[in-house]
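Enquirer: how would this look folded up:
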Amino acid sequence: TPGTAVLYFIPLSDRTEILVSLAGGRLRRFRSDVGRAELLREVATFRRQLEDRTKHAYKLTGKRIHDWLIAPLHPILEAEALRTLVFVPDESLRAVPPAALWDGQQFLAERYATAIVPGLTLTRPERSAKPLILAAGVSHAQGAFPELPGVPDELAHLKDAYGARVLADQQLTYGRLQRTLDERAFSVVHLASHGEFLPDASETFLLLHGERLGLE
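Expert: Residues are numbered from 1 along each chain as shown. Down below sits the predicted model:
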């Protein structure tokens, strides 16, 4: 899809290979000189630092990871006027939230809409296989959870680019979400909201409008 790139990260012992899949089935290859062991150490540090809300040490670590994984792609990201980055990370990199990567001035989420998926085919999908997308999100503040001002634009982009069905803010209740999922066989469900993922599965949730969506 124009404006969207799919990024595949493959850490090896002496380098990290990055494949960028663009509209029209075009594929570009990039290389970062960081090896797997060093990259994974920084990823683990970054994850720990993000959980400490009293400090901003994660910015420096996030910048190092950004310089390794995103900076080499800048020429093509700008040349293609990309707005959405879909990350397909190696399993060991899935702990990294791409939106929190820092380039020294901005978070990645301030420049691009981002998403993580466990895997995608490198072949171009058939035109007849257009995905049916449900895009849902909550942008307003709720309790201890602050406003997410980028959510409206994120949902609007999915609607404009892919014809997504949208449930936003007050529409995103558990009952409305369940009814909508029962009505159509969506191939993609995109949720943009706060969430907490804790060791105790019963305390893990995504935030809806005035409700919490637990794992069950």
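Enquirer: which of the three states applies to residue 177?
Expert: helix (DSSP: H, G, I helix; E, B strand; the rest coil).
Enquirer: count residues in the vicinity of it, would you?
Expert: Residue 177 sits with 20 neighbouring residues when counted by other C-beta atoms under 10 Å. Bear in mind the C-beta positions are built from the backbone N, C-alpha and C, glycine included.
Enquirer: how about the contacts made by it?
Expert: 136, 167, 208, 213 (C-beta atoms under 8 Å, 6 or more residues apart in numbering).
Enquirer: do residue 60 as well
Expert: So residue 60 contacts residue 102 (C-beta under 8 Å, 6+ apart).
Enquirer: at 10 Å instead, please
Expert: 45-46, 49, 102, 104 (C-beta atoms under 10 Å, 6 or more residues apart in numbering).
Enquirer: what is the nearest of those to residue 178?
Expert: The shortest approach to residue 178 among the contacts of residue 60 belongs to residue 46, at 35.3 Å (C-beta to C-beta).
Enquirer: secondary structure element for the closest residue to that closest one other than its chain neighbours?
Expert: Leaving aside its sequence neighbours, residue 46 sits nearest to residue 61 (C-beta to C-beta, 6 or more residues apart in numbering; 4.4 Å). Taking DSSP states H and E as the criterion, residue 61 maps to helix 58-69.
Enquirer: following element in sequence after that helix, please.
Expert: Once helix 58-69 ends, the next helix or strand along the chain (criterion: DSSP H and E) is helix 74-79.
Enquirer: centre of the chain to that next one, how far?
Expert: 19 Å (C-alpha atoms, centre = their mean, to the nearest Å).
Enquirer: could you give the average pLDDT over it?
Expert: In this model, helix 74-79 has an average pLDDT of 90.
Enquirer: so what secondary structure elements neighbour it?
Expert: Helix 74-79 sits against strand 4-11, strand 27-32, with contacts defined as 3 or more C-beta pairs under 10 Å, 6 or more residues apart in numbering; DSSP states H and E.
Enquirer: how about the residue positioned nearest the centre of the chain, secondary structure?
Expert: Nearest to the geometric centre of the chain sits residue 115, at 2.3 Å (C-alpha atoms, centre = their mean). State at residue 115, reduced to three classes by three-state DSSP: strand.
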